[in-house]
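# here is the input, now give the coordinates:
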Amino acid sequence: SSSQLSSLPLQILFYVNGIYYIFYFLATLAMIVYKSQVFSYPDDFLAPDLAVLFLMAMLEVPRLYLGCKGNLLEEEGALGLSLGLTVGSVVLSVYLLAWQTYVLWADVVLSAVLLCAYGLESGLKVTAIAALVS
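Numbers count the residues shown, from 1 in each chain. I've put the predicted structure just below:
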């Protein structure tokens with residue numbers, strides 16, 4: 001007998017995280033532009049902050065793709081790679097939360113929600129991988 005091991009809550013979270021990340025990216029980009037106009041944003045620090053945001057966006061696409069693929073096709077390897085990319089996204093998100101040049105209250109809220117989503121998603125990924133391996 002065959003049983004379905006893919007996780008519906010994880011799949012829903014991938015979808016929600018994909019939509020939220022688009023909002024997060026656009027809002028963070030707008031805030032960086034705002035901060036560069038309103039505050040005395042040193043030119044040497046503008047490029048790294050933007051680079052982190054765009055690097056995070058480049059990680060997000062394969063992270064979500066591998067996660068969805070791994071979950072739907074019940075492939076623990078793809079889920080594991082997605083989990084590894086999530087670690088990179090968490091590090092970049094923490095940078096934008098704590099170490100970028102200027103951190104606004106909105107930055108804190110947006111990054112905190114994203115980090116909570118990453119945490120929940122990671123827990124579900126580990127559970128799904130455990131179900132697939134056993």
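
# contacts and neighbour counts: CA atoms only from here.
Will do.

# mind listing what the most centrally placed residue in the chain touches?
Nearest to the mean C-alpha position of the chain, counting by CA atoms, centre = their mean, stands residue 89 at 5.0 Å. Residues near residue 89 by CA atoms under 8 Å, 6 or more residues apart in numbering: 56, 59-60.

# equivalent analysis for residue 72, please.
Counting by CA under 8 Å, 6+ apart, residue 72 makes contact with 6-7, 11.

# what's the following helix or strand after the one helix or strand residue 84 maps to?
Applying DSSP states H and E as the criterion places residue 84 in helix 76-94. Using DSSP H and E, the next helix or strand after helix 76-94 towards the C-terminus is helix 105-133.

# what is the mean pLDDT for that next one?
The predicted model gives helix 105-133 an average pLDDT of 97.

# hang on, the earlier thing: which one of the contacts of residue 72 is nearest residue 46?
Nearest to residue 46 among the contacts of residue 72: residue 11, at 35.4 Å, using CA to CA.

# and that closest one, how far is that from residue 31?
30 Å (CA to CA, to the nearest Å).

# try residue 21
Distance, residue 21 to residue 31, using CA to CA: 15 Å.

# neighbours of residue 88, how many?
If you count neighbours by other CA atoms under 10 Å, residue 88 ends up with 17.

# residue 113 too?
13.

# how many neighbours does residue 92 have?
19.

# tell me the contacts of it?
Counting by CA under 8 Å, 6+ apart, residue 92 makes contact with 52-53, 56.

# return the set of buried residues in stretch 50-58.
50, 52-53, 56-57 (16 or more other CA atoms under 10 Å).

# how close does residue 116 sit to residue 93?
With the distance defined as CA to CA, residue 116 ends up 11 Å from residue 93.

# how about residue 120?
Taken as CA to CA, the span from residue 120 to residue 93 is 15 Å.

# more crowded one of these two?
For residue 120 versus residue 93, neighbours defined as other CA under 10 Å are more numerous around residue 93 (21 against 13).

# the more buried one against residue 111, yeah?
Yes: using CA atoms under 8 Å, residue 93 is in contact with residue 111, at 6.3 Å.

# please consider this matter closed, and thank you.
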